[in-house]
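[1] Below are the sequence and a predicted model; questions follow.
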Amino acid sequence: MKGFIQCKRSAFTLIELLVVIAIIAILAAILFPVFAQAREQARKTTCLSNLREMGTAMQMYVQDYDGAYPNLGDPYLWVGRRFRWPIMPYLGVGQRQQAASFDSAAGQPSILLCPSDTISGNGFNATSYGYSASFYHTPDQINAMHLGNLRLALNDPGPGAVCVTQTEANVAFPSQKILLSEFYNSHQHPRSLVGYWGTLKDARTPGNDRWEGARLVTFADGHVKFIQAGKIHPSPDDCPDFHLTHDGLAGKDVD
């Protein structure tokens with residue numbers, strides 16, 4: 001038919017489709033790690049904010065108690081789910097000790113949980129952070145303690161079973177003494193998350209992975225820092241365990 005113009009429709013060939021798919025895969029391989037790093041950096045920033053708020057709460061507590069740090073006579077006060085109660089009124093999360101979980105009307109979990117901590121969970125007893133045992137034991141007690149004394153204080157009475165209130169005046173190096181710390185190396189770990197003592201072999205024996213990674217910590221002067229495990233002075237059990245650093249409050253956790 002005269003005047004009829006035949007339009008030829010074009011389409012991708014199989015090779016062109018494969019090239020497009022390959023390009024998308026390459027871009028994804030490049031961008032996904034970047035997105036993951038950005039997400040983790042945001043979580044790390046949240047965790048840093050948590051520790052700064054808890055450090056401020058500790059300072060407010062100390063001011064109200066004549067310079068004394070929390071001491072409830074509980075040798076396990078270093079455990080996250082225990083140390084949080086003395087400073088709870090200063091955190092503004094409104095939790096009650098009888099609450100069933102962080103999701104209840106009693107309060108919000110954000111200050112007490114690190115978003116990168118995939119182990120602690122969001123239950124009532126979950127807290128991602130720990131309070132140094134040196135802030136309610138004397139330097140002489142700390143120097144006599146080992147991991148077993150810290151973890152088995154009541155079942156195996158020893159130098160850590162008795163708590164002695166410490167004050168700001170007892171802290172010789174506030175900018176080098178860790179007050180609060182993440183328990184797990186949530187933001188930097190080559191394999192799985194581990195605590196101060198690594199993957200424990202038993203109640204008294206630390207794991208070979210104890211020096212891996214790094215943690216956010218709050219120092220006694222209130223500043224927060226990301227510290228490599230290898231930068232923390234070793235405990236008597238050769239761990240990055242700021243609870244039992246030699247000389248307690250009379251000593252330093254980092255140089």
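    Nice, I can see it.

[2] Pretty sure Lys201 sits against Arg210.
    No. Using CB atoms under 8 Å as the test, Lys201 is too far from Arg210 to be in contact (10.6 Å). Yep, even glycine has a C-beta here, placed from its N, CA and C like the rest.

[3] the more surrounded of the two?
    A side-by-side neighbour count of Lys201 and Arg210, using other CB atoms under 10 Å, places Arg210 first with 23 against 11.

[4] For the more buried one, which non-adjacent residue is spatially closest?
    The shortest distance from Arg210 to any non-neighbouring residue, by CB to CB, 6 or more residues apart in numbering, is to Gly198 (3.1 Å).

[5] got a list of what Thr46 touches?
    Thr46 is in contact with Ser110, Cys114, Pro115, counting by CB atoms under 8 Å, 6 or more residues apart in numbering.

[6] quick one: which of those residues is most hemmed in?
    Cys114 (26 neighbours).

[7] That one contacts Asn185, correct?
    No. Using CB under 8 Å, Cys114 is not in contact with Asn185, being 10.7 Å away.

[8] next structured bit after the lengthiest helix in the chain?
    What stands out as the longest helix in the chain, according to DSSP state H, is helix 14-64. Using DSSP states H and E, the next helix or strand after helix 14-64 towards the C-terminus is helix 80-91.

[9] Run the angle between that following helix and helix 14-64 for me.
    Angle, helix 80-91 to helix 14-64, by axes from the mean of the first three to the mean of the last three CA atoms, to 10 degrees: 70 degrees.

[10] for helix 80-91, which positions count as buried?
    For helix 80-91, a neighbour-count test (16 or more other CB atoms under 10 Å) marks Gly80, Arg82, Phe83, Arg84, Pro86, Ile87, Met88, Tyr90, Leu91 as buried.

[11] Run through this protein and note the low-pLDDT ranges.
    Across the chain, residues meeting the criterion (pLDDT under 70) sit at 1-12, 31-36, 93-109, 122-125, 157.

[12] Pick out the residue nearest the middle of it.
    Glu182 (1.6 Å; CA atoms, centre = their mean).

[13] Pretty sure that one sits against Val217.
    Yes. Between Glu182 and Val217 a contact is recorded at 7.3 Å, counting by CB under 8 Å.

[14] any shared contact partners between those two?
    Among the neighbours of Glu182, those also in contact with Val217 (CB under 8 Å, 6+ apart) are Leu51.

[15] returning to what we had before: OK, contacts around the residue nearest to Arg210?
    The contact partners of Gly198, taken as CB under 8 Å, 6+ apart, are Pro206, Gly207, Asn208, Asp209, Arg210, Trp211, Glu212, Cys239.

[16] In JSON lines: the residues you listed, plus distance to Ile232 and secondary structure.
    JSON lines is the format used below for the contacts of Gly198 (distance: CB to CB, whole Å; DSSP: H, G, I helix; E, B strand; the rest coil):
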{"residue": "Pro206", "distance to Ile232": "13", "secondary structure": "coil"}
{"residue": "Gly207", "distance to Ile232": "16", "secondary structure": "coil"}
{"residue": "Asn208", "distance to Ile232": "17", "secondary structure": "coil"}
{"residue": "Asp209", "distance to Ile232": "15", "secondary structure": "coil"}
{"residue": "Arg210", "distance to Ile232": "11", "secondary structure": "coil"}
{"residue": "Trp211", "distance to Ile232": "9", "secondary structure": "coil"}
{"residue": "Glu212", "distance to Ile232": "12", "secondary structure": "coil"}
{"residue": "Cys239", "distance to Ile232": "9", "secondary structure": "coil"}
